[in-house]
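> Mind folding the following:
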Amino acid sequence: MFDEPSVVDVIVDDPKSEGFGPSKHTTYRISCSSHGVKPSVCRHRFSDFEKLREQLLELCPGCVIPPLPVKQILGKYADDLVEKRRDLLELFLQQVVAHPIASVCDAFHSFLSLSEATRTAVVQRAKRFELPPTPAAYETGDPLNEGCKLLAEFEKQIGAVRERFKRLQSRQGEDAMDLHELSQSIKTMGENPLNMVLNCALPPFTDGCQKLASHTKRQAQNTKQTFLPKLKLYKQMAVAMQEQIKRRSAISTNIEATNAKTKELLGQSTKLAGRPGKEKKVGDLESQAAELQQRVARQKELFDQVTRTLAWEFERYNANKNRDMLAALQNYAISFADFTTKEHEMWDTIASGVVSRVNKVTYEATALAAGFDANKGVMKPATMTSSAAEPPPPAPPPPVLPRGPNSTDQMEGAGAVAPAPASQVSSPGAGPSQSPRASFGGSGEAPNPFAETPSNTDNHISVNPLAQNPFAQPSNVGSFF
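Now for the predicted structure:
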């Protein structure tokens, strides 16, 4: 098996529309680079690729030349079609330049405008390849005929597999767009004044959805750029293999037809032999039969060459297919596993962020409720900002009692204030201590603004709207439901 890498890198890009009216067409820039050699650049249209392929099939009998994209009339200048065609044309040239037989054709070198140094490097690489002899199995049978049927089945099967992966990739792209639009919709909803308090907990969700959208889009693009092209390549090569096997069958059919014609001419010559006046006719028949026999000899030689080349191509195709397909499936599985793991982590971060925001709003609502005067409907001065409220007057010092033998009794009799229970002492500025993943409204926690508000069943008016739920609906608005 010849696995030596190509010495030329080929890139097809920069499609341009040229000409006007019926002569309008698209050309593609072809850049060829080789180590230590100045790159060569040329431009060709699609019809030039078609001529090149016909030349290669004629000059390299039995070599599997990848098919070109199907020629279209309607919509052939659409951006997506031009990009697909560019991709397939690049794949075509890369496969030919890596082929140890087709890559040395002068027609191919001229098409790419390769420099003399690059041509020499390509030829030197090809000289290290030796076509193996025809396997012994072809002496007693014809494995390629059965192989053609198997290739036809494989072409349909790999096409079906590719379509399923394309649908998965398409859904990933749609999921990415849905996550982006979901983030925008929730952000717009939060900007509604009715959802002022709700909006406090929305940023972790909207930001997280945007990150998830980008993460999902990258996975869809990775599938499209790495895995789907492999499936496309081996589907295309299966088509090219069948094409060459059918060409070989046509040579065999032509040999049989020529042999039959030769036998017929020789039969006529035998019947006319010895008859007076038929000498010239016999000579012509024998001359025609000899010419056909020479043609059959050339066709048999061509058939043997094609068989030998195709046997190697078939083995090479199977070996590369098995190796690349297994690697591609494994890489896809690993990539998807990494994608889903990261996706779960991102959703977990979103959930933690929302809980953290809710706990923060709960704590702030509790602090505001502590300073709300329900009778006046305003905040108490102690809860106002430092710039709007006067500092409270200093507390008077406690009275100093005389100490004596009965100091303890004297203090008790004086009515001294007992220290506050430990449960009522709190350090200034101490907030709620909760895990960001904790559930809302647990025992001993601050009131939860997202929980339902307990209300009077007769008038539906809360005793203190801030002490209960900031999301509760005011009594003068009415119910939405």
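
> Secondary structure class of residue 26, three-state.
strand (DSSP: H, G, I helix; E, B strand; the rest coil).

> The residue nearest to residue 349 when sequence neighbours are not counted - how many residues pack around it?
Nearest residue to residue 349, sequence neighbours excluded (CB to CB, 6 or more residues apart in numbering): residue 208, at 6.2 Å. Any C-beta I mention is one placed from the backbone N, CA and C, and that applies to glycine too. By other CB atoms under 10 Å, the residues close to residue 208 number 21.

> ditto for residue 18
Applying other CB under 10 Å, we find 11 residues neighbouring residue 18.

> partner residues bridging it?
Using DSSP bridges, the beta-bridge partners of residue 18 come out as residue 25.

> show me the residues around it that make contact.
Residue 18 makes contacts with 24-27, as judged by CB atoms under 8 Å, 6 or more residues apart in numbering.

> Just put those residues in JSON lines and tack on pLDDT.
Output for these, formatted as JSON lines (pLDDT from 0 to 100):
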{"residue": "24", "pLDDT": "85"}
{"residue": "25", "pLDDT": "88"}
{"residue": "26", "pLDDT": "90"}
{"residue": "27", "pLDDT": "94"}
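
> If any of those are buried, put those into a ChimeraX selection.
A single ChimeraX command is used to select the members of the contacts of residue 18 judged buried by 16 or more other CB atoms under 10 Å:
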select :26,27
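
> Out of the contacts of residue 18, the closest to residue 369 would be?
Ranked by distance to residue 369 (CB to CB), the contacts of residue 18 are led by residue 26 at 70.6 Å.

> what sits against residue 6?
Taking CB under 8 Å, 6+ apart, we find residue 6 in contact with 94, 97-98, 103, 125.

> in the stretch 301-450 of the chain, which ranges drop under the pLDDT threshold?
Scanning the stretch 301-450 of the chain for pLDDT under 70 picks out 371-450.

> Could you export the contacts of residue 18 to TSV, including columns for distance to residue 119?
Shown next, in TSV, are the contacts of residue 18 (distance: CB to CB, whole Å):
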residue	distance to residue 119
24	34
25	28
26	28
27	23
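
> Other residues contacting the host helix or strand of residue 110?
Residue 110 is located in helix 106-112, with elements delineated by DSSP states H and E. Contacting residues not belonging to helix 106-112 are listed as 8, 10, 30, 32, 40, 42, 44, 48, 52, 55-56, 59, 93, 96-97, 102, 119, 122 [CB under 8 Å, 6+ apart].

> One more pass at 10 Å, please.
Among residues not part of helix 106-112, those counted as contacts by CB atoms under 10 Å, 6 or more residues apart in numbering are 8, 10, 30-32, 40-42, 44, 48-49, 51-52, 54-56, 58-60, 93, 96-97, 99, 102-103, 105, 114-116, 118-119, 122-123.

> which of the residues you listed are buried?
8, 10, 30, 32, 40, 42, 44, 49, 52, 55-56, 60, 93, 96-97, 99, 102-103, 105, 114-115, 118-119, 122.

> Now intersect these with the helices, please.
49, 52, 55-56, 93, 96-97, 118-119, 122 (DSSP state H).

> Show me where the protein has its helices.
Going by DSSP H, the chain shows helices at 46-59, 79-98, 106-112, 116-127, 137-140, 143-190, 203-222, 228-272, 279-370, 407-413.

> Now do residue 228, the pLDDT please.
Looking at residue 228, its pLDDT is 89.

> tell me the domain boundaries of the protein?
Annotated domains of the chain cover 1-130, 134-371 [automatic domain parsing].

> centre of the chain versus the last one, how much separation?
This means domain 134-371. 14 Å (CA atoms, centre = their mean, to the nearest Å).

> Pick out whichever of the contacts of residue 6 sits closest to residue 323.
If you rank the contacts of residue 6 by distance to residue 323 using CB to CB, residue 98 comes first, at 14.9 Å.

> wait, isn't that closest one in contact with residue 4?
Yes: counting by CB atoms under 10 Å, residue 4 is a contact partner of residue 98 at 9.0 Å.

> Identify the residue nearest residue 227 in space, chain neighbours excluded?
Nearest to residue 227 is residue 332, by CB to CB, 6+ apart, at 5.0 Å.

> what does residue 85 give?
Once flanking residues are discounted, residue 85 sits nearest to residue 69: 4.9 Å by CB to CB, 6+ apart.

> Residue 262 and residue 295: what is the separation?
9 Å (CB to CB, to the nearest Å).

> Give me the more crowded residue out of the two.
Applying other CB under 10 Å to residue 262 and residue 295 shows that residue 262 carries more neighbours, namely 18 against 15.
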